[in-house]
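> prediction below, plus the sequence it came from.
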Amino acid sequence: MKGFVITHLGKRCKIGSDDSFATIICSLVIQRNEFILEGGNMSGSRIGSWQRIREGLDVEIEVAEFDDVSEDCYTLIDPEYNNIIEEKDELLEWNWKLEKFREIEKILKEENLL
């Protein structure tokens with residue numbers, strides 16, 4: 001089968017397929033200092049890594065042909081990445097509160113109560 005051999009954090013994961021597809025997406029979200037690595041196939045092999053961008057972060061992706069996929073692919077969520085999510089959720093909450101405030105403010109102005 002054809003697919004990807006991903007080497008990351010000292011581990012190797014093979015994701016491939018004979019009859020369907022295999023995907024791998026690697027992203028750097030600079031404004032959030034975020035590194036995302038996601039991959040998988042229809043058979044269920046998956047890899048996921050969500051981390052803060054930092055010096056020395058190393059990922060090797062090779063297109064290869066092999067006989068079997070990895071059973072032990074992994075998901076890694078860096079504890080620092082959780083801070084990104086919490087900050088994002090908090091920002092969404094504050095944006096929602098600001099939107100509601102503006103709606104109430106508009107009504108009060110229309111009723112000449114403000």
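Sure, I can see it.

> can you show me the strands along the chain?
For the chain, the strands defined by DSSP state E occupy 2-8, 11-17, 22-29, 34-41, 46-52, 59-65, 75-77.

> gap between Ile107 and Gln51?
Distance from Ile107 to Gln51, counting by Cβ to Cβ, to the nearest Å: 45 Å. Bear in mind the C-beta positions are built from the backbone N, C-alpha and C, glycine included.

> comparing those two, which residue is more hemmed in?
Counted by other Cβ atoms under 10 Å, Ile107 and Gln51 do not tie: Gln51 has more neighbours, with 20 against 11.

> correct me, but the more buried one touches Asp58?
No - using Cβ atoms under 8 Å, Gln51 makes no contact with Asp58, being 11.5 Å away.

> point out where the protein drops to low pLDDT.
Along the chain, the parts satisfying pLDDT under 70 run over 69-92, 94-95, 114.

> and the most centrally placed residue in it, what does it touch?
Centroid-nearest residue in the chain, with Cα atoms, centre = their mean: Ile36, separated by 4.5 Å. Contact analysis of Ile36 by Cβ atoms under 8 Å, 6 or more residues apart in numbering lists 25-27, 29, 49-50.

> looking at those residues, which is nearest Phe101?
Val29 (28.9 Å; Cβ to Cβ).
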